[in-house]
Structures are given as C-alpha cells and as structure tokens.
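Student: the following comprises the amino acid sequence and a computationally predicted model.
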Amino acid sequence: MFRARRRWSIAVVLAVPACGGGGGSGDDDEKSDTSPTQPSDDDTPGADADSDDTGGGDSDAADPCAELEFDNVVDAAACPSIQGEGQEPVEADAIEFCRRAFIDLLGQSPTEVEYERDCKWHTKDEIVDSFMDRPDYIRTSQRMWADAFQMNSAVTHYGYIADLDAIAGELHAGTITLTQFAELATTHPGFLGRWDGLDLVAFSFRAFLGREATPAERLALAPLWHLWEERPAPDPMQANAKRVVVDTNNCASPNQSACNSDFWGDRTVIIDPPMPDASDPELNVIDQSTLDDAQWQVLRTPGELIAGQENFFESYVDRALARYLGYDAGAELPLVRQALVDLMTEQGGNVRAVDREILTSILYTSTNRYDEADAADAAQWDPPYWHGPIKQMDAEDWLASAYKLAGLEVAGCDHRYPEVQQGSVGFHPHTYPTAVGGTAPDYTFRDKAQLLGGCPDRIAQFRESRTGLIAALTQATLTAELCAMASTTSPIYPLGVITDPTDKSEAALWDAIDQVYSAALIRPVMDGASEGAQNGITLCRDDLDCTPTEFAVQACRLVLKSADFIYY
Amino acid sequence: MSNLSSKTRRRSFLKVGLGSIATGAIAPHLWIPRISKAALPIPSSRHNHLILFNLDGGARTVPMFNADVDPRWNPFGTQAGSPGTEWTVGGVFDNLPYQDTVPLGLPAIPPITQISHEFSILGTIDHTPGAATGVGDHPTARNWIASGFGEGGPGIMSRIYSTHRNYTEGGAGLVFPPAVIGTGNATTPLGIPHGSITPVMVPSHSDFVAQNGDNAGGQPKWARALEAGLDDYAIKSRSNAHKEQISRLANGKANVEAFRNVFLDPALKVEDEPNGTLNGLTNAQLAAILGTTQLGRDTALALRFLGYGSAAVTIGHSGNLAADVGGWDTHSGEMTAYAPSANELARVLCGLNFALKQMPHLDGGTYWDHTIIAMVTEFGRDNILDNGYNSGGGSDHTGAPGSRYQAWFVSGGLVGKPGEHFGHTDPMTMEVMNGEPVFGTTNYYAMLFALLDIDIEGIWPGIDPVNVIF
C-alpha cells in the first residue's frame, strides 16, 4: 500500500526557482550548461537516456558531436563517448547538484537554509564559482595535499608543515602554478622533514607524477636530495622538533658524485661549504632558513626536473578527475584527460582552471539516478560517464554534516596535525577546540572520524572510505549519540516534527519522516522509495512500543546513515 | 547473477540456517593439488581457520626466520632453537618465558626459542618467481599481498567471504565474516571489496568497542524496515556499478542486525571486560597469554571472531612506531625499532601457540588442530652497508635479493612438517641457492585457501598451492 500523498514531481517543484533554468532568469546563452533539467523522481530516472539504446540510429548518421557546440573542453572531448554513443545524460536537479558541489568543495552536506541561500537561485556555473572562491575549497584542497605529503608533526616541525600547507593553499587560490608548487614542495622543509633517503624520491613521484618510482628511479634520483639532513632542535611548543639543514659535507670533495644524477640529464646538486677548512664539520651545515636565492635555485633542481616530466600535468588532471568524479576518468576517457592537460598548459599550470572545467562539465553535472538492467558481468555494465558521479562521503565530511544537522559545533580536524605536539610552554598552534578545563586539544571529533577512516594519523592509519558491517555499526552508534543531542535550534530536531505525540496515524508518521528527511536531504522522501518506507511505517503502527516520538528519533538516525545521505 | 541477488543469498545464510547445521558434520578431506607432481596432500576443511599476520610496511624477516646469513642481512646474530628445529632462529628474539600467566595459575608461556620446532619456514617467498627482478615498491607489493595479483584486485579476505562455503552455503550456526583488524596502508587492502562483498574491517580492538557503542547498533524492526526501504530505492535507481557500491552499505547494515548478539557479548571487549569468556578463556587470561600490546589485544579480538565462526582473520602489525618512518618500513631508525617490533610479534606468536591449544573446537580437538597461523609482508629489506644498515640506520627495499626473497613462517596444527626450513638462500648474496625452490606469493595464498577448502582454480587459474609443509 502506498501512502496517499500528492505526487512530487521534482521537476515541477524545483525547476521553477532553481538555477535560473526553467524560469528563464539569468544567463540565456548558457542554458544548456547551467540550467538543470529536473528529472522526475519515478523509478526510471535514466530511462529516457537510453530508450533507444540499441538504437543504432547513428550508424550512418552524421557525427552528432560535429553538430554540437561546446564551451567546455571536457564536454567536447567526452562527446564521442557519450553523445557519440547515442547517450544524452540527464542533468542533475538543483538539489542533487548543490549537495554534490557543496560536499566536494566545502566539505559538508548543505542544510535546507544553505541550499536556499547558496544554490537555489544560482546557476551551476555560479555555484561552482562561488564555492571555489570560499576558504573551504582551499581547505578541502589542502587536505588532499596533506594526505599526499602525509603531514604529521609527530615527525616534522609544525612550522614547516604550516608553511607547506599554506603553499598548497596558494596553489588552489591560483596565486602559484602547479609547476611552482612542485618546485617548492619537493624540497620544502615540511616535505624534507617527513621523509628520508629513497622515500624523498618515492613521495615526490606519488605527489606529482601519480605513480610509484621504480627502484631504479629511486636509486638514481636520490643523490639530488643527498645534501638534506635534520638536526634535533627542540621547540618550546614541540619538544621533538628537528630543523632541516643542508650538510654541505655530504657532497664536498671528493664526494661530489654522491650528489650527481644522470637519470634525467646530467645534474648535480652541490652547495659549496661555507668554511671548507673548518675542523668542525657542523660549521659547514646550513640551516634551510638561511639559504640564499642562488642556493635555493640549485637545491630545487629535483622539483624542476619532476615538473618537466611529460606526465606532470596529467598526474594532476587524473587526481582532479578522481576527486570530483570518483572513478578513473583519466583512463576511461583519455581524450578528456588530454583536453584538460592542454587546458592546463594553456593556463600555465593553473589548477583552478582544471577543477572548474571538470565541475562544470557534463560528467559532473549529470544526475546519478540511472536506469540499468541488472547484469552479472561487470564488463557489460554501462560506462560511468553515461551518467553523473556518485561518491561516498568522506568520513570527516559525513561526521561534520551530521554534527551540523544535530546543531553541534563542528570542531573538525586540523588536517595538518593529526596529533598536536607540545613542548615546555605548551602545545603548538592548531585548530582543534581546547578540551574543557584544560589546554590540551579536544580530539572528540577526530576520534569519532577515525573510527570510519577519517582524520588519519598518516603513520599507521590512512584516509579511507569504509563500508561493511563495522562501518554500519559505527554509523549506527554515532547517529544514536548525535540525534539524542539535537535540540530545538538544530536543523534536524526529531522531536520537533511531532505535533501530536498521540497521533500515530499514517499521515502523521509520513509527515514526520518527510520532515526529518528534508532536514537532511532538502527534499522529502522520494516517491520511488515510498513502498519500502511505507513498510516501516506500517510496522511501526502495529508495534505498541513505537511511539511517534520514538519514530522521529529513529528516523533521524536512519536518515543520517542512509545511502541517500552518505552517497552523493 | 546480479549483485542484488547475491546480497539476498548472503543475508539468508548469515542468519542462522537450520538446514545448514548438518554441514557442521562434514569431515575434512584431503585436498589433492592440480598437478600430480605436487602430490602431497593438503588437509583441507571448511572448518579450518586462518590467522594471518601482515607486517605492515615491509618487514625485514630474514633476521627473524632465516637468520643464518651474513651480518649485512642479519645484524642480530642467531641462537639455538628447540629440538627438531631445522631453521635458524634469529638472535633478535627474547629467549625467556613470559611470566604474565603465572599469577593466573597458568604456566609461563614458552619463548619462541622453546617452540621453534612448531614453526615451518618458507625461506624463498617471492612475489614474482622467474622475473628478472623482485618487487621493490609499496603499491605493487601491496597488490600482491592484498590480492595475489600484481595488478591488484579484490582483497583476499573479501575473496574468502565471497567463496568460502560457510558463507555461500551456510555454516554450523551463525558464521562471523572474515575480518581485517588494523589500519595500515598495506593491511586494509586485504579487505578491498569483491563486488558488493566487504569483510569486517576493524581498526583495532579499542576502536571496535567505540564502534560498538552501548547497544551494538540496535534498531526496532520497523526502523530497520524503513531504512531498508530507503536504501533499496537508492540502490535500485542507480547504474550497476553504483548499485554494487551502495549495496556494500546495505549489506553492512543487514549484518549489524544479524550479528548484534555477537557484538553484545562482553567477550569481544577484550580489554574492558576481563571476565568475558569464550572458548574456555577469559579476556584476563588472553591478556596474560598474548600480552597487552595493541597487537596482543587485536589478536585476542581475532580469537573471539574465530570463536564465532570466522574462517579467517588478518591482523595488521605496524611494528614499533618509534621508528621515524613508522611501522616495519624502517628506512631509518631500524637499529632501535627492529628488536621491539620483532619481540612484540614473537610474544603474540608464542601466546597464540598456547591459547589455541586451550580452546576446544566444535569439530573435536582444539583450535590449534584446525588453524594455520601465517604471515605476509610487502617485501624484505636491502640496500644496506657492511654493518647491516643504510646510512640512516635503517634499510630500504629495491627488489634486489635481500628484499626479494622473504622468510615467512607458518604454524599451527595443520602444518605437517613443523620445524623445517624450505627454500634456502645464499648467506652472502641472498640469492636462491641452486636447486632450491622459490615459493610464489600467489601459490602461498593458494595453499591457505586450499586449507579452507576454497576452490582456488576459480580465483587463480593454473596456480599450484605450496604444499611442502604438509
């Protein structure tokens, strides 16, 4: 039995106000890119896309891509694999797109209020531009690099980390290029303080060439970093701190060959000892902070060489495609990869241009609701670019979103410092809240996120998206806590949706679940889910222990850990 | 068959199936390798168990288990093992009994030097037998140890979940899924999903308690139905690839329901509930037997999972984190970090040897009789100087013989030739000696799968399991 309710047509509900589409406000000449086409929420959302899927109608027709005009290089490059295959992906509606961009760029799921304020009245392009101008886009991007560099002040001086993180921020603010970033980062003390020896080569490759260095590459290129060392340098706020230095003795005569590599051309990285005749070798050790520009120019040779590799831009493009689309689009759509590499080259290594092009492309703006017949053989499945992307929310983002909906202050993790260190005068600077009644960082949020693979310590734990039994168990435990803490001012307040605690009618329960669902997902339960949801409502009505209040509380829990909320 | 129907099938068997109880009486049979020349039998049974230690980061196994080599390869020396031990025991190991059990009225736990005859050593493990060079990089090595394939793929614990007959046909009662305990970069890939199938992934014994909460994810039946209704539509309205992805979440929720009573058992709170008891051992006794390091506690949790029917548990060991780089990946700081790491491991292996012999098994005998204890790690170490270390007091991994040919132990009552050493290396060069066998990682996994009575031909076609230890 389905509920008796007005039939929602998402298209009707949302198309009027959203995005300048439908209603025709705004950018008239960008309608195809910016006005969301609202799919109805029936059971076959993607059906129209492939209604003629065998249709072969293009076998002797003109190339459809030749008849289309594109203002996005991704769209143009993907066309042969999409429209060229007879596919017409349906655009994501405003709510779906808003959640996707909000989570990807700002690190949280939007509330209804945020949707109204930040998305409802804006085109997709405007939304992307607006979000990319916010500090949260910089922060989520910095987090990505912090993972790549495995930042951790248990190993590296906090000041070095902060500086490297700030440079990553500049990259995504557009004030430096990817080439400059690579040149700076691969010999930055925040990087040198984290790794030694062959690992300096390995992690440079991982960060900027998107692959592991072969053993031969590691051995051959390590001499370019051979000058770098560390010295214990306890800091008042970090007792275990070390400073990064250049030990010129390492390459002084007769050891010059130890600092030479002929792997990518004959290159030598040598800094002359300042006091070659000194009896104390430490007098020929130079702190990195006192190096002059000419010395830095020599020392940054490894980064310069890495940035000169053919697949340097390609590596970033692949990283960005995976970040926003959730699959290896660089490999799936090599033409798209190449188009973005070309764009990046044109733009002088500006990563924002690449990010924006992906975020405003058909690959990103299409709906991920898609009708496809079950097939056991994965080789027979439709390719991922025939519909929009779906991704599992990062553990931190999910938890932050749930905190926000429950009305709790979102403490977050300091992506630079999984574990704040301390020295004689206290803890080094960080962004964690301070524990009540003390000075120590409050790790409550971090510890919860770590249960699901977020806020990794980057020594024994690494960021991951967990699913399965234990992840579900953890989500059940955390949502029980959070929903119990929600209050009257919370965006999701389960007790507030019950107007009459004695009314256990079907309509009242439907109203409760719709309100709770809307608080988290901006729209009511979709019609396609009605039958399944109705089953739960019926069982509740038959269960004497299921009160309307209990129903609302459980609804809060199950919505926050629902597939609709976690996958976006 | 679609992933959705797979899910349905799984759920039906994860609940206690009356019809499945009869399968508990199936007797072990001898597994005959595909190629007759390798005709030694493998004592295969679906009621066997696997405890697999992954030494995260690439452990230097030679000084522990193939110690009779040049000091460059083993700077810790050697020591005598127990009678019947053919392999050379590393001098790095402590050799005094562990006394923590004595106050509890149990005997002291013998050190590895007194039970070394119960370990067999495969001294020439290689990811890529026959290749010009070994594997020296982490991602490729992780692919091998996670999946048995150089290019990677579903993790072996997911494979066990999707192919072991206790899970596909039902077991004797509720059978707990395979589990991965640990968070290391080389450990979690062993749980890479196989389609929508994901093993139990537990960060640690203590995190597990926090994940469990007070009521182990309890939900009223109607709430579960409502949630399933929402999730089912989320799955149904997506592409096949996305269906598979989202089904993992739905499957996890279904399993929370199925295993809730397991999670409520205080025995699973191995640190917080000392009186929790399963298989005849209290948590307090396990703490004394296995030690109270994270590895010891995680191993105690692994024993609890086995007690609830899990066919296999992987336990990640990150070694001694005092090393600069962390874990067993000791590019530097190895001089101080290695011995504590090795002895942390040895302590637990000795404890397991004792504990499994105390735990009665439903099929008769004890868990010792039905369990194989094994290990994996990404690679060994090389690129070292005459003193046994690199210039940073550590060691590297280039895929040269020192890091390529690893020495892995196997132990447990299923091992037919305990104490022996199979596959010898040249003590100076670490190359495989003439006429000595090389054991592929995939063949090693095939052996472990064969012990669990899993059809390996469907996973690694043409691969012969290692069988020299039987």
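Tutor: Alright, I've got the coordinates.
Student: need the contact list for residue A:443.
Tutor: Contacts for residue A:443 (Cβ atoms under 8 Å, 6 or more residues apart in numbering or on different chains) come out as residue A:432. The C-beta positions use only the backbone N, C-alpha and C, and glycine is treated the same way.
Student: distance check, it against residue A:272.
Tutor: As judged by Cβ to Cβ, to the nearest Å, residue A:443 and residue A:272 stand 47 Å apart.
Student: quick one, phi psi at whichever residue of the stretch 201-350 of chain A sits closest to chain B?
Tutor: Per Cβ to the nearest Cβ, residue A:215 is where the stretch 201-350 of chain A lies closest to chain B, at 3.8 Å. Backbone torsions for residue A:215, taken as degrees, to the nearest 10, come to phi -50, psi -40.
Student: do I have it right that it meets residue B:136?
Tutor: Yes - counting by Cβ atoms under 8 Å, residue A:215 touches residue B:136, with 3.8 Å between them.
Student: anything in contact with each of these two?
Tutor: Jointly contacting residue A:215 and residue B:136 under the rule Cβ under 8 Å, 6+ apart are B:397-400.
Student: and the residue of the stretch 201-350 of chain A closest to chain B, what does it touch?
Tutor: B:133, B:136-137, B:397-400.
Student: please apply the same query to residue A:179.
Tutor: A:307, A:312, A:349.
Student: just the helices in the stretch 101-250 of chain A please.
Tutor: Assigned by DSSP state H, counting those that start in this stretch, the stretch 101-250 of chain A shows helices spanning A:112-118, A:124-132, A:135-149, A:158-173, A:178-185, A:189-192, A:198-208, A:215-221.
Student: ok, back up a step: give me the subset of the shared contacts of residue A:215 and residue B:136 that lies in strands.
Tutor: Residues of the shared contacts of residue A:215 and residue B:136 located in strands (DSSP state E): none.
Student: one step back: out of the contacts of residue A:215, who's near chain A?
Tutor: B:133, B:136-137, B:397-400 (Cβ under 8 Å from any Cβ of the partner chain).
Student: middle-most residue in chain B, spatially?
Tutor: In chain B, the residue lying closest to the centroid (Cα atoms, centre = their mean) is residue B:52, at 1.3 Å.
Student: mind telling me what element that one is part of?
Tutor: strand B:49-55 (DSSP states H and E).
Student: how far off centre is the following helix or strand past that strand?
Tutor: Counting by DSSP H and E, the next helix or strand C-terminal to strand B:49-55 is helix B:62-65. With Cα atoms, centre = their mean, to the nearest Å as the basis, helix B:62-65 stands 19 Å off its chain's centre.
Student: same list (the contacts of residue A:215) but as a markdown table, adding neighbour count and distance to residue A:316.
Tutor: Output for the contacts of residue A:215, formatted as a markdown table (neighbours: other Cβ atoms under 10 Å in any protein chain shown; distance: Cβ to Cβ, whole Å):
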| residue | neighbour count | distance to residue A:316 |
| --- | --- | --- |
| B:133 | 14 | 30 |
| B:136 | 27 | 26 |
| B:137 | 23 | 21 |
| B:397 | 28 | 28 |
| B:398 | 23 | 28 |
| B:399 | 23 | 28 |
| B:400 | 20 | 33 |
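Student: among those, which pair sits farthest apart?
Tutor: B:137 and B:400 (12.8 Å; Cβ to Cβ).
Student: and whichever residue of chain A sits closest to chain B, what pLDDT?
Tutor: Among all residues of chain A, residue A:532 sits closest to chain B, at 1.9 Å; criterion: Cβ to the nearest Cβ. Here, the pLDDT recorded for residue A:532 equals 87.
Student: any idea how far the closest residue to it other than its chain neighbours is from residue B:91?
Tutor: Excluding the flanking residues, the one nearest residue A:532 by Cβ to Cβ, 6 or more residues apart in numbering or on different chains is residue B:229, at 1.9 Å. Per Cβ to Cβ, residue B:229 is found 62 Å from residue B:91.
Student: so which of those two has more stuff around it?
Tutor: Counted by other Cβ atoms under 10 Å in any protein chain shown, residue B:229 and residue B:91 do not tie: residue B:229 has more neighbours, with 21 against 18.
Student: hang on, that one is in a strand, isn't it?
Tutor: No - Residue B:229: not assigned to a strand; according to DSSP: H, G, I helix; E, B strand; the rest coil it is helix.
Student: can you pull the contacts of residue B:97?
Tutor: With contact set as Cβ under 8 Å, 6+ apart, residue B:97 has these partners: B:108-111, B:114.
Student: tell me the buried residues within those residues.
Tutor: Neighbour-count burial within the contacts of residue B:97 applies to B:109-111, B:114; the criterion is 16 or more other Cβ atoms under 10 Å in any protein chain shown.
Student: could you redo those residues as JSON lines and give each row pLDDT, distance to residue B:284 and secondary structure?
Tutor: Below are those laid out as JSON lines (pLDDT from 0 to 100; distance: Cβ to Cβ, whole Å; DSSP: H, G, I helix; E, B strand; the rest coil):
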{"residue": "B:109", "pLDDT": "98", "distance to residue B:284": "15", "secondary structure": "strand"}
{"residue": "B:110", "pLDDT": "98", "distance to residue B:284": "20", "secondary structure": "coil"}
{"residue": "B:111", "pLDDT": "98", "distance to residue B:284": "22", "secondary structure": "coil"}
{"residue": "B:114", "pLDDT": "98", "distance to residue B:284": "24", "secondary structure": "helix"}
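Student: could I get those in TSV, plus columns for distance to chain A?
Tutor: Listed next are the buried ones among the contacts of residue B:97 as TSV, based on distance: Cβ to the nearest Cβ, whole Å:
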residue	distance to chain A
B:109	26
B:110	30
B:111	27
B:114	31
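Student: ok, of those, which one's closest to residue B:257?
Tutor: When the buried ones among the contacts of residue B:97 are ranked by distance to residue B:257 (Cβ to Cβ), residue B:109 comes first, at 38.7 Å.
Student: wait, that closest one touches residue B:352, no?
Tutor: No - in this structure residue B:109 lies outside contact range of residue B:352 using Cβ under 8 Å: 9.8 Å.
Student: report the residue ranges of every domain in chain A.
Tutor: Domain ranges of chain A: A:136-209+A:211-228+A:241-310, A:492-566, per automatic domain parsing.
Student: check those for me and report the most buried one.
Tutor: Highest mean neighbour count of these: domain A:492-566, a mean of 21 (counted as mean count of other Cβ atoms under 10 Å in any protein chain shown).
Student: tell me, how many residues neighbour residue B:214?
Tutor: Using other Cβ under 10 Å, the number of residues around residue B:214 comes to 9.
Student: what's the neighbour count on residue B:215?
Tutor: Residue B:215: 13 neighbours (other Cβ under 10 Å).
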